[in-house]
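S.K.: Can you look at this prediction? I've put the sequence above it.
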Amino acid sequence: MPTINTKTKDEIIVRVLNSLEQNANITATSPGSVARAFADAFGTEMFYLYESFKEAVSQTSLSTASGRGLDLIGEMYNVKRKTLSDQLVYERTTANIEFILDKPYISDIIIPKDTLVYNDVGSYNSTQYSYKVVNNIVILAGVTKAYGIVTPNFQSNDHVASVASLTRHNFITPPGVIIFCSNPKEIYPVINAESDDNYRRRILSAVKVSATGTVEALRFSALAVNGVRDIRIREASYGLGSCEIIIVPEVPGRVGNLPTLVNAAISQVKPLGIRMNTIVANTVPVNVQATITLPYGTGSTLRNGIQNQAAIFVKRYLNSLTIGDTMSVQEIERQIRISSDLIRSINITDINVLGTSINRKEFRPQTERDYVVSGDISINSVIIGLSNY
């Protein structure tokens, strides 16, 4: 990426004031003066011009482009962005915005539907994009955070909201209350579009793929097939002259005709004389049972909602793992904890794989053909002060 020597707004204003003093003998440049007002107005517009220039240049570089800019770069290499399955779309949109209080409030705070959140133009780019809250988000009394869903409030595919980039909102807070917001995951204008990071990796591999017969060519040709999340290649799996292609589908259990499609994709680049064996990776369901402690007075409806949200966070973590990844019990605990501010303690009563309990903090499948997925996730709760606590 080319080096861009930009200037801050303050640097531009100081340069303008110095120039007025040196070239026009204007010395009345203190706040409130005409010269200072002129410098402020000019410096602000120049700053936005610099930011626009920086954003335009960043969209021409493969390492920094996003959204439509990355699509255009991909087209030059004849690499198209993939679409995702419906189940992954659901996981992508669930709890994609978080509202946080600086301190607990005495009553519930309702952030209404259609509240707008924005990116910080000073930190990211000169164009501000807005996103709408889909449903009311309630921050309960005594709680400091709540999750919800936002969708893009624009039609183009120009911008992807990177993690933690949506930090502004138009919600009018109660007196003395400060509410922050942030997006814990990327938000895409086309909700079923492949992520920028995955797409960027496939574009980077385009040159290697063009050289047929290589491992990279096989792997990235297979990854271009819709429905494929990951590919592992085992060379000489059945002796010299053999190769095994292991497919990890986007949705566990939804295989369909993926092996046929992958075979068709790699048939153009596979080396001559090599026997290819295409299989689908085996899933290793992990079942989790946990009990969370909630404060006294938590109603049954809210209690069920917290349990369901904790289960969603655990499922999302487990389903993000692929071949070679290690499942961490500590990460499962962390996912449960961050799912709700009301959770006081967590007791994981059982984690088992294929009927066998795991008594250690980490677990990894023993073969390269297996990977961890979410099994039955059961989150129960007890209330502090009741007889079952």
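M.R.: Looks like it arrived, so ask away. It should be emphasised that the depicted structure is a prediction, and the values quoted were computed from it without experimental measurement.

S.K.: in this protein, which helix or strand is least confident?
M.R.: helix 206-210 (a mean of 63; mean pLDDT, DSSP states H and E).

S.K.: quick one: contacts for the residue lying closest to I246 once chain neighbours are set aside?
M.R.: Leaving aside its sequence neighbours, I246 sits nearest to R232 (C-beta to C-beta, 6 or more residues apart in numbering; 4.2 Å). Glycine gets a C-beta too; all of them are placed from N, C-alpha and C. Contact analysis of R232 by C-beta atoms under 8 Å, 6 or more residues apart in numbering lists 245-246, 248, 281, 323-324, 368.

S.K.: partners of whichever strand or helix holds R232 in the sheet?
M.R.: Taking DSSP states H and E as the definition, R232 sits inside strand 228-235. Sheet pairing of strand 228-235 (DSSP bridges) gives strand 242-249 (antiparallel).

S.K.: picking that back up, what's the following helix or strand after the least confident helix or strand of the chain?
M.R.: From helix 206-210 onward toward the C-terminus, using DSSP H and E, the following helix or strand is helix 215-223.

S.K.: May I see the buried residues of that next one?
M.R.: 216-223 (16 or more other C-beta atoms under 10 Å).

S.K.: Tabulate the residues you listed in a markdown table, adding columns for distance to V372 and pLDDT.
M.R.: Formatted as a markdown table, the buried residues of helix 215-223 follow (distance: C-beta to C-beta, whole Å; pLDDT from 0 to 100):
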| residue | distance to V372 | pLDDT |
| --- | --- | --- |
| E216 | 26 | 75 |
| A217 | 28 | 77 |
| L218 | 24 | 81 |
| R219 | 21 | 81 |
| F220 | 24 | 79 |
| S221 | 26 | 81 |
| A222 | 21 | 85 |
| L223 | 20 | 84 |
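
S.K.: shaky segments in the stretch 1-150 of the chain?
M.R.: Applying pLDDT under 70 to the stretch 1-150 of the chain flags residues 1-5, 87, 122-126.

S.K.: Mind doing that once more with 50?
M.R.: 1, 123-125 (pLDDT under 50).

S.K.: OK, contacts around the residue nearest the centre of the chain?
M.R.: In the chain, the centroid-proximal residue (C-alpha atoms, centre = their mean) is K185; its distance is 3.0 Å. By C-beta under 8 Å, 6+ apart, the contact set of K185 is 92, 96, 163.

S.K.: rerun at 10 Å
M.R.: K185 is in contact with 91-98, 161-164, 195, 316, counting by C-beta atoms under 10 Å, 6 or more residues apart in numbering.

S.K.: Now do it against E98, distance only.
M.R.: 10 Å (C-beta to C-beta, to the nearest Å).

S.K.: which residues are common contacts for those two?
M.R.: Joint contacts of K185 and E98 (C-beta under 10 Å, 6+ apart) are A164.

S.K.: Turn the contacts of K185 into CSV, columns for neighbour count, distance to I179 and secondary structure.
M.R.: Below are these laid out as CSV (neighbours: other C-beta atoms under 10 Å; distance: C-beta to C-beta, whole Å; DSSP: H, G, I helix; E, B strand; the rest coil):
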residue, neighbour count, distance to I179, secondary structure
E91, 18, 26, helix
R92, 18, 24, helix
T93, 16, 22, helix
T94, 16, 21, coil
A95, 19, 17, coil
N96, 22, 17, coil
I97, 26, 12, strand
E98, 19, 11, strand
A161, 25, 19, strand
S162, 15, 21, coil
V163, 11, 19, coil
A164, 14, 16, coil
S195, 17, 28, coil
R316, 18, 25, helix
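
S.K.: quick one: which of the residues you listed is nearest K54?
M.R.: Taking C-beta to C-beta as the measure, K54 sits nearest to S162 out of the contacts of K185, at 15.5 Å.
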